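Colleague: Take a look and give me a structure for this.
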Amino acid sequence: MFHPQIIGEALAGLSPQARAANESWARPIIATRNLLVHHYFRIDLEIIYEIAKNRLDDLETQVRAALRALPEE
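Modeller: Residues are numbered from 1 along each chain as shown. Coordinates of the predicted model:
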């Protein structure tokens with residue numbers, strides 16, 4: 001299941017350093033989350049559908065790479 005609100009919230013909660021390292025792909029997801037949560041009357045369902053249908057594999061790859069790059073605690 002695709003939950004852009006949760007993904008965007010998680011990315012927004014990253015440290016500034018981790019977010020900066022993933023800025024190119026994280027910023028649009030955070031912006032999409034903010035749109036869905038705060039400006040839902042401006043949502044273009046075709047765009048959300050396109051993201052869910054065509055871009056989740058790329059997102060998964062980027063998230064997995066970002067997780068591998070995080071320091072272990």
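
Colleague: Quick one: mean pLDDT over the biggest helix by length in the chain.
Modeller: Counting by DSSP state H, the longest helix found in the chain is helix 23-38. Across helix 23-38, pLDDT averages out at 90.

Colleague: Equivalent analysis for stretch 46-59, please.
Modeller: Rounded mean pLDDT across stretch 46-59 is 90.

Colleague: Need the CA coordinates for that stretch. PDB is fine.
Modeller: Written as PDB, here are the backbone C-alpha positions of stretch 46-59 (Å, rounded to 0.1, in the frame of the first residue of the first chain):
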ATOM      1  CA  GLU A  46      -3.800  11.900 -11.900                       C
ATOM      2  CA  ILE A  47      -0.400  12.900 -10.500                       C
ATOM      3  CA  ILE A  48      -0.900  10.900  -7.300                       C
ATOM      4  CA  TYR A  49      -2.000   7.900  -9.500                       C
ATOM      5  CA  GLU A  50       1.100   8.300 -11.700                       C
ATOM      6  CA  ILE A  51       3.400   8.300  -8.700                       C
ATOM      7  CA  ALA A  52       1.700   5.300  -7.200                       C
ATOM      8  CA  LYS A  53       1.700   3.400 -10.500                       C
ATOM      9  CA  ASN A  54       5.100   4.300 -12.000                       C
ATOM     10  CA  ARG A  55       7.500   5.600  -9.400                       C
ATOM     11  CA  LEU A  56       7.300   3.400  -6.400                       C
ATOM     12  CA  ASP A  57      10.100   1.100  -7.500                       C
ATOM     13  CA  ASP A  58      12.500   4.000  -7.900                       C
ATOM     14  CA  LEU A  59      11.400   5.400  -4.500                       C
END
